[in-house]
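Enquirer: Quick one: sequence and predicted model below, then my questions.
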Amino acid sequence: MRRASGVRQRGLALITVLLIFAIVSMLAVAMIDRQSTDVQRSGTMLALQQARSYVFGAEQAVKTGLYLDWKNDKEIDHLNEEWAQERTFPLSPGLARISIADAMGRFNLNSLSVAASNKATQKIRFTNLLNMLGLDIALADTLSRWMDETSQDDDRYQSMEPPYKAAYQGCKHSSELLLLEGMDMVSFRKLEPYVACLPITAQLNVNTASAMVLASLDAGLSLADGEAIVSARGDKGFKTVDDFWSLSQIEPFTRNNDNNGNTNTPVSDAPVTKARWDKTDFSVKSEYFEIFIRVELGDRIATGEALIKRDNNDGRMTTLYRDYSRREAKREPESTQPGMTQ
């Protein structure tokens, strides 16, 4: 009996040892796997941080380039200048792509804000843009109400899932359009390349605006008229707003008329009909630039979008926002739009 009991004890001890060995082996495998994951994660984070550093460095280089452009010519910006050409720079290993767009060549969504002096005119222009893109023109009124506290639209948005409140203020980024009632992703993708969120005082640069944006300035203009204006500004753009103002395509909207049909020749006893457009809405130089940077290091990719303000008085650069979520630069689907090469 003692012998059998000793055998059982030795067998139990062996099983216990084997069980401990199995547990230790499992723990060792788990630790090795965790360590391998941590090493891989650390490598990924290091590569991503390196790529992000390249993005930040590229942003600083863009600021330097924009400053040199301002220093070279403070009076005009157009799409055949150096800043408007997309650039690719080799890295080791990988590459960096940099593109710059003039945000003042787009429709300024904040011109629909309550504080905007020409809100009514700009709302008509935004409606024209929506119509030309085949989008619901009711979005113009929806956006106007979104920015206007007196509209009391909270009930419309608080009934959604999840509920939220209307902004009742100007926008900071065009992606805020996705919060509007009636705005879907397909419509947003169509509209996004033509709009920006800038201060209400920002003018439209007629040297960088696309044919679509130019054609939306008045219902009396067609896309063909917009393309003709783009062609008329040539390789070096309009030197002054007056050059743009005198184009045959837009003269019907920029001249003053008296009751006798005379243009730009007011008579003391003949009431004058004011021009439909206000010259102060337009410019031939820019102050706000949107940059997009894509850095590829092996299989790691880092991107960055930023809005840069270049002060026209002293050339000082200020980053107004950064966004690291976008993967590709905005593209206007227009074959007639010059500027950045594909």
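Expert: Happy to help now that I have it.

Enquirer: How much space separates the residue nearest to residue 190 when sequence neighbours are not counted from residue 194?
Expert: Nearest non-adjacent residue to residue 190, counting by CB to CB, 6 or more residues apart in numbering: residue 133, 5.1 Å away. Glycine gets a C-beta too; all of them are placed from N, C-alpha and C. As defined by CB to CB, to the nearest Å, residue 133 lies at a distance of 7 Å from residue 194.

Enquirer: picking that back up, surely the residue nearest to residue 190 touches residue 212?
Expert: Yes: the pair residue 133 / residue 212 is scored as a contact, 7.4 Å apart, by CB atoms under 8 Å.

Enquirer: Compare those two and say which is more crowded by neighbours.
Expert: Taking other CB atoms under 10 Å, residue 133 and residue 212 do not tie; residue 212 has more neighbours (24 against 16).

Enquirer: correct me, but the more buried one touches residue 195?
Expert: No: counting by CB under 8 Å, residue 212 stays clear of residue 195, with 10.9 Å between them.

Enquirer: all strands in this protein, in order from the N-terminus.
Expert: 87-91, 94-102, 107-108, 195-196, 204-205, 257-258, 272-273, 282-283, 288-297, 300-310, 317-323 (DSSP state E).

Enquirer: Overlap of the contact sets of residue 133 and residue 194?
Expert: residue 212 (CB atoms under 8 Å, 6 or more residues apart in numbering).

Enquirer: For stretch 116-126, which outside residues touch it?
Expert: 107-113, 140-141, 143-144, 200, 216-219, 277-278, 281.

Enquirer: hmm, 10 Å instead?
Expert: 107-113, 137, 139-141, 143-144, 147-148, 170, 191, 194-195, 200-201, 204, 213, 216-219, 276-278, 280-281 (CB atoms under 10 Å, 6 or more residues apart in numbering).

Enquirer: Just the buried ones among those, please.
Expert: 107-113, 139-140, 143-144, 147-148, 170, 191, 194-195, 200, 204, 213, 216-218, 277, 281 (16 or more other CB atoms under 10 Å).

Enquirer: contacting residues for the residue lying closest to residue 149 once chain neighbours are set aside?
Expert: Excluding the flanking residues, the one nearest residue 149 by CB to CB, 6+ apart is residue 168, at 4.1 Å. Contacts for residue 168 (CB under 10 Å, 6+ apart) come out as 114, 145, 146, 147, 148, 149, 150, 151, 152, 153, 154.

Enquirer: Surely the fourth one is in contact with residue 110?
Expert: In other words, residue 147. Yes: here residue 147 reaches residue 110: they are 7.9 Å apart, a contact under CB atoms under 10 Å.

Enquirer: any common contacting residues for these two?
Expert: With CB under 10 Å, 6+ apart, residue 147 and residue 110 have common neighbours 116, 169, 170, 171.

Enquirer: which one of these has the most neighbours?
Expert: residue 171 (22 neighbours).

Enquirer: quick one: that residue and residue 146, what's the gap?
Expert: Residue 171 is 9 Å from residue 146, by CB to CB.

Enquirer: and for the two, which residues touch both?
Expert: Common neighbours of residue 171 and residue 146 (CB under 10 Å, 6+ apart) are 109, 112, 177, 179.
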